[in-house]
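Undergrad: Next one to model:
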Amino acid sequence: MPDVAYSDPAVLAFIIIPCLLAAVFVPAVWFAWQRTTPARAPRATAIALALTAVWMAVTWQLADFGTFRQWDITPPPFALLVLAILLLGVRIGWGGAGRRMAATFPLWVLVAVQGFRLPLELAMHRMYERGIMPVQMSYSGLNYDILTGILAIAVALLVYTGLAGARLVRLWNVIGLILLINVVTVAILATPRIRYFGDASLNTWVTFTPFVWLPAVMVLAAFAGHLIVFQALRRT
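TA: A predicted model of the protein is given here:
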């Protein structure tokens, strides 16, 4: 277990940010269904709340039990987690929830939500400085996703004030998705099954609590968010 304290703000970020994302997602489902199919809004919201709570609880417990640290199993449980995140992201982003959110919320709101990646990257860098996370996953290494968070705030403000439009959002969305794929690839290459960066730079910290919510919640939210923005751009 990494030597961390829950009183540490940098560690707390891996709990607070996922909980805030969940607190945004569930009401967003209600507003989206209320706008399109009001009669189904309560049921859709209840399902979203239940599934979100179950997903967060299960991934936390599996990390706490050490399930994701069983690298000698084929396929490794962590690989199944990555696959589940990919499938869930596509299901949310391209499914009914994503379509309704894309039709309900203005572009600047959908972009602004991705601003959570700025404080996340700052917290991740602190984990690198403390020797918990490999340098390759920080902006001192091969992770440039902090740019997505900074640009999300700037682009959202420009779109909100009418100084920019869909073209800038499309450019930001493509860049953000590429940067997300980049850091996820780096993280996978650093796992004990691949060891691309060597034994001194292994990515095992995300298999512990509370850091498991980095891939399970925050990467999922970032990926699904990009897909939702693409859907909104199609409507623009």
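
Undergrad: Name the residues of the longest helix that the chain contains that are buried.
TA: Longest helix of the chain, by residue count under DSSP state H: helix 9-36. Neighbour counts over helix 9-36 (16 or more other CB atoms under 10 Å) mark 10-11, 13-15, 17-18, 21-22, 25-26, 28-30, 32-34, 36 as buried. (C-beta placed from N, C-alpha, C; glycine too.)

Undergrad: Stretch 130-147 now?
TA: 132-139, 141-143, 145-147.

Undergrad: Show me those that map onto helices.
TA: Among these, the members falling in helices (DSSP H) are 146-147.

Undergrad: can you put the buried residues of stretch 130-147 in JSON lines and add pLDDT?
TA: Below are those laid out as JSON lines (pLDDT from 0 to 100):
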{"residue": "132", "pLDDT": "94"}
{"residue": "133", "pLDDT": "96"}
{"residue": "134", "pLDDT": "96"}
{"residue": "135", "pLDDT": "96"}
{"residue": "136", "pLDDT": "97"}
{"residue": "137", "pLDDT": "97"}
{"residue": "138", "pLDDT": "96"}
{"residue": "139", "pLDDT": "96"}
{"residue": "141", "pLDDT": "96"}
{"residue": "142", "pLDDT": "96"}
{"residue": "143", "pLDDT": "97"}
{"residue": "145", "pLDDT": "97"}
{"residue": "146", "pLDDT": "97"}
{"residue": "147", "pLDDT": "97"}
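
Undergrad: among the buried residues of stretch 130-147, which are in strands?
TA: Among these, no member falls in strands (DSSP state E).

Undergrad: Let me have the buried residues of stretch 130-147 in JSON lines, extended by distance to residue 168.
TA: Below are the buried residues of stretch 130-147 laid out as JSON lines (distance: CB to CB, whole Å):
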{"residue": "132", "distance to residue 168": "36"}
{"residue": "133", "distance to residue 168": "32"}
{"residue": "134", "distance to residue 168": "33"}
{"residue": "135", "distance to residue 168": "32"}
{"residue": "136", "distance to residue 168": "30"}
{"residue": "137", "distance to residue 168": "28"}
{"residue": "138", "distance to residue 168": "27"}
{"residue": "139", "distance to residue 168": "23"}
{"residue": "141", "distance to residue 168": "28"}
{"residue": "142", "distance to residue 168": "26"}
{"residue": "143", "distance to residue 168": "23"}
{"residue": "145", "distance to residue 168": "19"}
{"residue": "146", "distance to residue 168": "19"}
{"residue": "147", "distance to residue 168": "14"}
